[in-house]
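Chemist: Quick one, what's the 3D model for this:
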Amino acid sequence: MTARSRAAALAIAVSAVIAAGIPASAQDDRAIVHLLARTTFGPRPGDVARVRELGAAAWLETQLHPERLDDTACDTALVPLATLRMSIPELLREYPRPDQRGREQMQREKRPERIVAELQAARMIRAVTSQRQLHEVMVDFWFNHFNVFAPKGAVRWYVTDYERTVVRPHALGRFPDLVRASARHPAMLFYLDNWISRAGRLNENYARELLELHTLGVDGGYTQTDVTEVARAFTGWGIERPQQDGWFVFRPRVHDYGEKIVLGHRLAAGRGQDDGERVLDLVTRHPATARFIATKLVRRFVSDTPPPALVAQIAEVFRRTDGDVKAMLRAIFASGEFTAADAERAKIKKPLEFVASAVRAIGGGVDARGGVQLARAAAEIGEPLYGAQPPTGWPDRAGAWVSAGTLLARMNFGLALAEGRVPGVRATVAGLVAGVDAADAAAVRDRLVGALLNGHVSAATRAVLDAHLTDPAITRLTADDRGPVRTDIEKVAALVLGSPEFQRR
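Modeler: Next up, the predicted model:
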């Protein structure tokens, strides 16, 4: 049986497991909310009902095949962002560096900063409006895994193409294809300095990160000698005219043609570009890579402390399917660990996730200007998109995102959103409390808890909300103090968006 046929057979088997693991009797709203919280950027009004009607297993399959989903509304919102459709040479030509055209003479719309600003806006628009939510979640996951830092030199002009041609096409594909595509792209070659690495003047940055962060992991069993040998294998992998063309080129004259030993495997002398290709084949099929990728996927979708048994199971799926991402995701979603009670709301939302989920929760829409504003909000909370300087990308553990300062920033954004003060974002919380007597603060609270938290609120959070209902800033009393005549719905909504429950997914 071929690897492809084995993958197909496993997919059929896992689909059956999903159907058994998420039976109709278990598809209550709470289970569906958990599923949506992990596989999307948060439920929108009506999403729970739609998943209930379709069935969780069937809904997941639609998400695993994003090409079948109509995303016209999202595509339309992206139209004003012209740089998304431009090639690297076009961006280099149309958005020149300041030293190529005096900054004081440059039109604002032609400054290079616009390239990343539009890419940031697009990421937020897609996170909020795309029907292909699982695909967008995986784009975020893989971009951090294969991170490049946009502000570094020429990466600013390369990063749009990098996401468009490397990350997005392979986000639900095969892991080896992702590695190969990233290894050849000028954004990665420039970011990790491989484009200047040559025989006799090695730069080991890419070699080290390929082993430590992209494939085997820090405990993957490689040595410093392996790092050096891998760096030798990738000499000559460079960029054609970085400030004009910006595409991959192999330069034979600077390649190290000597014999190399990588992870115990001999690469014969006299080979050229094939040295690097052979290394990519070795590392993507190494057992440590299967374990490392399985660990990261389980951490993203299940728990900051990945259950070892599930990691082992997903690593085995990786090996059997040659790194098929869909097969691994099916197995994760079918697992008992994913549906376990202690997995519910066990993950802290990154700033991107929080901002997008807040807009989605109130049924908001966003245009190009709003995308810029939402990206700015995510940056203020601590996650400037495409701005993670270390090759590790933005972290996926709670400890990186929990602090008094970031919580205040989240609450400030929630209030601005609820009050309609985010330019370019069409959102109103009034619709969430339609039919509720605005004078009944408790009823307003309950409706918003139901709409934004799906009714799942702790006693402690409810007590905090109750205490605020007597705050004059939220309720205004009549002259004889008999009761509130108006509830500030927006402030109550902001309190719910700032609750510990909404910070988690």
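
Chemist: in the stretch 201-350 of the chain, which spans are helices?
Modeler: Assigned by DSSP state H, counting those that start in this stretch, the stretch 201-350 of the chain shows helices spanning 205-209, 224-233, 274-284, 287-301, 308-321, 325-334, 336-339.

Chemist: now the stretch 351-500 of the chain
Modeler: 351-361, 368-381, 404-418, 441-453, 459-468, 489-497, 500-503.

Chemist: Could I get those in CSV, plus columns for mean neighbour count and distance to residue 216?
Modeler: Every residue, glycine included, has its C-beta placed from N, CA and C. Shown next, in CSV, are the helices of the stretch 351-500 of the chain (neighbours: other CB atoms under 10 Å; distance: least, CB to CB, whole Å):
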stretch, mean neighbour count, distance to residue 216
helix 351-361, 27, 28
helix 368-381, 22, 31
helix 404-418, 18, 32
helix 441-453, 20, 41
helix 459-468, 14, 42
helix 489-497, 24, 40
helix 500-503, 19, 33
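
Chemist: Excluding its own residues, what touches stretch 138-149? List them.
Modeler: 123, 126-127, 155, 158-159, 162-163, 166-168, 170-172, 178, 182, 187-188, 191, 213-214, 296-297, 300, 325, 352, 386-394, 396 (CB atoms under 8 Å, 6 or more residues apart in numbering).

Chemist: Ignore what I typed, I meant stretch 166-175.
Modeler: Under the contact criterion CB under 8 Å, 6+ apart, stretch 166-175 has outside partners 64, 66, 134-135, 138-139, 141-143, 146, 177-178, 181-182, 185, 187, 284, 289, 293, 318, 322-326, 329.

Chemist: Now do it: distance from first to last residue.
Modeler: 11 Å (CA to CA, to the nearest Å).

Chemist: could you give the mean pLDDT of that stretch?
Modeler: Averaging pLDDT along stretch 166-175 gives 98.

Chemist: what about the residue nearest to residue 279 when sequence neighbours are not counted, neighbour count?
Modeler: With sequence-adjacent residues excluded and distances taken as CB to CB, 6 or more residues apart in numbering, residue 279 is closest to residue 233, at 4.8 Å. Neighbours of residue 233 under the rule other CB atoms under 10 Å: 25.

Chemist: wait, isn't residue 267 in contact with residue 258?
Modeler: No. Residue 267 is not in contact with residue 258 according to CB atoms under 8 Å; the separation is 9.3 Å.

Chemist: Comparing those two, which shows the higher neighbour count?
Modeler: residue 267 (20 against 14).

Chemist: what's near enough to touch that one?
Modeler: Counted by CB under 8 Å, 6+ apart, residue 267 has contacts 233, 259-261, 275, 278-279.

Chemist: Please report how far it lies from residue 231.
Modeler: Using CB to CB, to the nearest Å, residue 267 is found at 13 Å from residue 231.

Chemist: Could you do residue 168 as well?
Modeler: Taking CB to CB as the measure, residue 168 falls 29 Å from residue 231.

Chemist: now do residue 257
Modeler: 14 Å.

Chemist: nearest spatial neighbour of residue 276, skipping sequence neighbours?
Modeler: Distances taken as CB to CB, 6+ apart place residue 234 nearest to residue 276, at 4.6 Å, with adjacent residues excluded.

Chemist: Give me the pLDDT value at the one you found.
Modeler: Note on residue 234: pLDDT of 98.

Chemist: And residue 291, by the same measure?
Modeler: 98.

Chemist: again, but for the one 5 residues further on
Modeler: In this model, residue 296 is scored at 98, pLDDT.

Chemist: roughly how far apart are it and residue 120?
Modeler: The gap separating residue 296 from residue 120 is 24 Å, by CB to CB.

Chemist: So between these two, which is more surrounded?
Modeler: residue 120 (24 against 19).

Chemist: Can you name the residues in contact with stretch 40-47?
Modeler: Identification of contacts with stretch 40-47 by CB under 8 Å, 6+ apart yields 33, 36-37, 127-128, 133-134, 136-137, 353, 356-358, 360-363, 432, 451, 454, 505.

Chemist: The residue nearest the centre of the chain: which element?
Modeler: For the chain, residue 140 is the residue whose C-alpha lies nearest the centre (CA atoms, centre = their mean; 1.9 Å). Residue 140 is part of helix 133-145, with elements assigned from DSSP states H and E.

Chemist: gap between the helix or strand just after that helix and the chain center?
Modeler: Per DSSP H and E, the first helix or strand lying C-terminal to helix 133-145 is helix 155-162. Centre-to-centre, helix 155-162 and its host chain are 17 Å apart (CA atoms, centre = their mean, to the nearest Å).

Chemist: quick thing: my sequence starts at 536, can you match it?
Modeler: Done: numbering now begins at 536, and the last item shifts to helix 690-697.

Chemist: roughly how far out does the helix or strand just after helix 690-697 sit from the chain middle?
Modeler: Per DSSP H and E, the first helix or strand lying C-terminal to helix 690-697 is helix 703-705. Centroid separation for helix 703-705 versus its chain: 13 Å, with CA atoms, centre = their mean.
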